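**Q** dropping a prediction and its sequence here:
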Amino acid sequence: MTELTKPDDCKSMEELRHQIDKLDIKIVELLATRSKFIDRATDLKSINGMPARIPDRIESVVSNAREAAQELDLDSDLVEKIWRILIEWSIQREAEIIREE
C-alpha cells in the first residue's frame with residue numbers, strides 16, 4: 001500500500017476521501033490479520049483445554065485499547081465500544097470451533 005497523505009495536506013474532498021478509502025482498506029487488512037491470530041488462539045485454547053471466554057483477558061485487551069486511544073488523542077469510549085464488539089465476535093468464533101472439537 002502506498003503512503004497516506006497527511007490530512008492537512010489534502011487539498012480537496014476528493015483527495016481526502018481517497019485517503020480515507022485507502023486507510024479503510026488498511027484497517028480491514030489489519031482486522032483480517034487479527035482474525036488469523038484469533039484462529040491460532042482457538043487452536044491453542046483447544047489443545048490446552050481453555051475456554052473461549054477469559055474475562056481477565058477481555059478486560060486487559062479493552063484496557064490496552066483505551067490506553068492506546070488516549071495516547072493518540074482518540075475517544076477512548078468509542079474505542080472501547082468497537083473493541084468489545086470485536087472481542088465478542090472473536091469469542092463467538094472461538095466458541096463455535098472449540099465446541100465442535
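**A** That came through fine.
**Q** got a list of contacts for stretch 86-100?
**A** The contact list for stretch 86-100 (CB atoms under 8 Å, 6 or more residues apart in numbering) reads 31, 34-35, 38-39, 41-42, 45-46, 51-53, 58, 61-62. Quick note: C-beta positions are derived from backbone N, CA and C, even for glycine.
**Q** pull out the buried members of those residues.
**A** 38, 41, 42, 45, 52, 58, 61, 62 (16 or more other CB atoms under 10 Å).
**Q** which one among the contacts of stretch 86-100 gets closest to residue 21?
**A** residue 31 (15.8 Å; CB to CB).
**Q** quick one: contacts for that closest one?
**A** So residue 31 contacts residue 86 (CB under 8 Å, 6+ apart).
**Q** name the element it belongs to?
**A** If you go by DSSP states H and E, residue 31 is part of helix 13-48.
**Q** where does pLDDT dip in the chain?
**A** 1-2, 100-101 (pLDDT under 70).
**Q** pick out the residue closest to the middle of it.
**A** residue 31 (5.4 Å; CA atoms, centre = their mean).
**Q** distance of that one relative to residue 17?
**A** 21 Å (CB to CB, to the nearest Å).
**Q** same check on residue 73?
**A** 23 Å.
**Q** check residue 66 too.
**A** Distance from residue 66 to residue 17, by CB to CB: 29 Å.
**Q** and these two? which has more neighbours close in?
**A** Between residue 66 and residue 17, counting by other CB atoms under 10 Å, residue 66 is the more crowded of the two (17 against 11).
**Q** helix or strand for that one, which one?
**A** helix 55-71.
**Q** CA atoms only for that helix, dumped as PDB, please.
**A** The C-alpha trace of helix 55-71 is given here as PDB (Å, rounded to 0.1, in the frame of the first residue of the first chain):
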ATOM      1  CA  PRO A  55     -12.800 -12.400  31.400                       C
ATOM      2  CA  ASP A  56      -9.500 -11.100  32.800                       C
ATOM      3  CA  ARG A  57      -8.000 -11.200  29.300                       C
ATOM      4  CA  ILE A  58     -11.000  -9.400  27.800                       C
ATOM      5  CA  GLU A  59     -10.600  -6.500  30.300                       C
ATOM      6  CA  SER A  60      -6.900  -6.400  29.700                       C
ATOM      7  CA  VAL A  61      -7.400  -6.100  25.900                       C
ATOM      8  CA  VAL A  62     -10.000  -3.400  26.400                       C
ATOM      9  CA  SER A  63      -7.800  -1.500  28.800                       C
ATOM     10  CA  ASN A  64      -4.900  -1.700  26.400                       C
ATOM     11  CA  ALA A  65      -7.100  -0.300  23.600                       C
ATOM     12  CA  ARG A  66      -8.400   2.500  25.800                       C
ATOM     13  CA  GLU A  67      -4.800   3.500  26.800                       C
ATOM     14  CA  ALA A  68      -3.700   3.500  23.200                       C
ATOM     15  CA  ALA A  69      -6.700   5.700  22.200                       C
ATOM     16  CA  GLN A  70      -5.900   8.100  25.000                       C
ATOM     17  CA  GLU A  71      -2.200   8.300  23.900                       C
END
